[in-house]
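Peer 1: Fold the following and give me the result.
(chains A and B)
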Protein chains: 2
Amino acid sequence: MNHDILFDFIAQYMPLEEAEKQAIIELDVFKWVEKGTILQREGDRSNQYFFVLKGCIRSYILKNGEEKTTGLYLETESFSPPCNVKGNVSDLFVETLEDSIVCIANPSMEKDLFSKFPRFESLCRILVEDLLAKNREQFDVFRISNPEERYLYMLEHQKDLVQRVPQHILASYLGIQPQSLSRIRKRLAEKS
Amino acid sequence: MNHDILFDFIAQYMPLEEAEKQAIIELDVFKWVEKGTILQREGDRSNQYFFVLKGCIRSYILKNGEEKTTGLYLETESFSPPCNVKGNVSDLFVETLEDSIVCIANPSMEKDLFSKFPRFESLCRILVEDLLAKNREQFDVFRISNPEERYLYMLEHQKDLVQRVPQHILASYLGIQPQSLSRIRKRLAEKS
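Peer 2: Take a look at the predicted model:
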């Protein structure tokens, strides 16, 4: 079952009791979403966050009519749009790049779970600390690296993205032009 | 008193009881640190994190002998090196850029506080969620912006950095050469 992906992920941190699993299932947060579906738009007032069970979601910002990819998330990765957390209207779009199964939750569900099962709050704290560490590390790498180094980091740490995401989106995510990404790939292919 | 800066900050989220304040004071985490002190070195095995009460701290990575600034933190800002969270040896340095008062804590202190005052864990979750949202937003801006736009964002959202941090460190933090930062500042001065 799809929710087993979530439970297996959580079990790495803390094995769940049956009643806890049941409470999550009853939230009815597991959504099948077709490829190319917009889950959130710029200007939306939303407080939802996403956990990918299957497939791939992307966040992007429209800048001068151009889609600038800011995030790519695969299985067991999660994403809370910062604008949502801060209570602002959305400054970004969230869409599925593949047919996906996504867990879409919000703070009131979370609050409900915490009141029934207080240790979920502890779990949540640990998960968010891990996410923050991962995000900081990725930001550090992006900040101090040139485009080729960024691409090599992706090859090493996010190889699935390279295989599953269209080139022009990968290029945007790496902060470069598609032609630059082609050149980098060609150069690396010649080296190896 | 210095710890009042911390308590005032926490009070924005949840006003503290006297016993809670006392427990924090007893942890003896408030350190006066002279400008230019290295708080953590590359290769250190550390699990400490930092909350700035006064002054400024910086994180940087040595890359081919060059200091690449990855983080700058002023009053009421905090920093957990991602390597520490992941249990790896440090890949970065942390130093004070000014005479500072820094709260230096670690997970065992945190655990101790959580067991005595469970609502601290709730506070911690909320703080980390806010930090993650802030970090993601800054990363998004960095990713989709050119150097001048990054500098303008800093002028708007982190103006104190511009006034207090040496130019060559600011340039490194913006991912550009010091000469480029000079040109940007000159161009903006001519415009206004």
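Peer 1: Which parts of chain A are strands?
Peer 2: According to DSSP state E, chain A carries its strands in the segments A:30-33, A:38-40, A:49-54, A:57-63, A:66-73, A:78-79, A:93-96, A:100-105.
Peer 1: Show residues contacting the fourth one.
Peer 2: Okay, so that is strand A:57-63. Contacts to strand A:57-63, defined as CB atoms under 8 Å, 6 or more residues apart in numbering or on different chains, come from residues A:39, A:42, A:50, A:67-73, A:79, A:81, A:91-97, A:100, A:102, A:165, A:169, A:172, B:140, B:144. (C-beta placed from N, C-alpha, C; glycine too.)
Peer 1: Identify, by residue count, the longest helix of chain A.
Peer 2: helix A:119-144 (DSSP state H).
Peer 1: mind listing what's buried in it?
Peer 2: Buried residues in helix A:119-144, counted by 16 or more other CB atoms under 10 Å in any protein chain shown: A:120-129, A:131-144.
Peer 1: got it, and stretch A:81-99?
Peer 2: The neighbour-count criterion (16+ other CB under 10 Å) identifies A:81-85, A:90-98 as the buried residues of stretch A:81-99.
Peer 1: cool, stretch A:40-59 as well?
Peer 2: A:40, A:44, A:46, A:48-59.
Peer 1: Test of understanding: give the bridge partners of the residue nearest to A:Arg41 when sequence neighbours are not counted.
Peer 2: Nearest residue to A:Arg41 in three dimensions, chain neighbours excluded: A:Phe93, at 5.7 Å (CB to CB, 6 or more residues apart in numbering or on different chains). When bridges are taken as DSSP bridges, the partners of A:Phe93 come out as A:Tyr60.
Peer 1: got JSON lines for the strands of chain A, with mean pLDDT too?
Peer 2: JSON lines is the format used below for the strands of chain A (pLDDT from 0 to 100):
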{"stretch": "strand A:30-33", "mean pLDDT": "95"}
{"stretch": "strand A:38-40", "mean pLDDT": "97"}
{"stretch": "strand A:49-54", "mean pLDDT": "95"}
{"stretch": "strand A:57-63", "mean pLDDT": "97"}
{"stretch": "strand A:66-73", "mean pLDDT": "97"}
{"stretch": "strand A:78-79", "mean pLDDT": "94"}
{"stretch": "strand A:93-96", "mean pLDDT": "98"}
{"stretch": "strand A:100-105", "mean pLDDT": "96"}
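Peer 1: returning to what we had before: and the longest helix of chain A with strand A:66-73, angle?
Peer 2: For the pair helix A:119-144 and strand A:66-73, the angle between their directions (axes from the mean of the first three to the mean of the last three CA atoms, to 10 degrees) equals 130 degrees.
Peer 1: hmm, helix A:119-144 in reach of chain B?
Peer 2: Yes. Remark: helix A:119-144 sits within contact range of chain B at A:121-122, A:124-125, A:128-140, A:142-144, by CB under 8 Å from any CB of the partner chain.
Peer 1: chain center to that helix: distance?
Peer 2: The gap between the average C-alpha position of helix A:119-144 and the chain average comes to 12 Å, counting by CA atoms, centre = their mean, to the nearest Å.
Peer 1: elements contacting it?
Peer 2: For helix A:119-144, the contact count by 3 or more CB pairs under 8 Å, 6 or more residues apart in numbering or on different chains; DSSP states H and E identifies helix A:107-116, helix A:147-157, strand B:57-63, strand B:66-73, helix B:82-85, helix B:119-144 as packing neighbours.
Peer 1: Can I get these in TSV including distance to A:Glu17?
Peer 2: As requested, these are exported to TSV (distance: least, CB to CB, whole Å):
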stretch	distance to A:Glu17
helix A:107-116	11
helix A:147-157	33
strand B:57-63	40
strand B:66-73	39
helix B:82-85	27
helix B:119-144	19
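Peer 1: need the least confident one among these, by mean pLDDT.
Peer 2: In terms of mean pLDDT, the lowest-scoring of those is helix B:82-85 (a mean of 87).
Peer 1: show me the contacts for A:Cys124.
Peer 2: If you count contacts by CB under 8 Å, 6+ apart, then A:Cys124 has A:Glu110, A:Phe114, B:Arg125 around it.
Peer 1: Ramachandran angles for A:Asn146?
Peer 2: Reported as degrees, to the nearest 10, the phi and psi values for A:Asn146 are phi -90, psi 170.
Peer 1: no wait, A:Ile176
Peer 2: phi -130, psi 170.
Peer 1: and it, what does it touch?
Peer 2: Applying CB under 8 Å, 6+ apart, the residues contacting A:Ile176 are A:Pro147, A:Arg150, A:Ile184.
Peer 1: With neighbour count and distance to B:Ser180 added, can I get those residues in JSON lines?
Peer 2: Formatted as JSON lines, the contacts of A:Ile176 follow (neighbours: other CB atoms under 10 Å in any protein chain shown; distance: CB to CB, whole Å):
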{"residue": "A:Pro147", "neighbour count": "16", "distance to B:Ser180": "17"}
{"residue": "A:Arg150", "neighbour count": "20", "distance to B:Ser180": "19"}
{"residue": "A:Ile184", "neighbour count": "20", "distance to B:Ser180": "23"}
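Peer 1: between those residues, which is closest to chain B?
Peer 2: Of all the contacts of A:Ile176, A:Arg150 has the smallest distance to chain B: 10.3 Å, by CB to the nearest CB.
Peer 1: quick one, what contacts the closest one?
Peer 2: With contacts defined as CB under 8 Å, 6+ apart, the neighbours of A:Arg150 are A:Val141, A:Phe142, A:Leu174, A:Gly175, A:Ile176.
Peer 1: just A:Leu123 next, same as before
Peer 2: A:Leu123 makes contact with A:Ile10, A:Tyr13, A:Met14 under the criterion CB under 8 Å, 6+ apart.
Peer 1: let's see it at 10 Å
Peer 2: A:Ile10, A:Tyr13, A:Met14, A:Leu16, A:Glu20, A:Leu113, A:Phe114, A:Phe117, B:Arg125 (CB atoms under 10 Å, 6 or more residues apart in numbering or on different chains).
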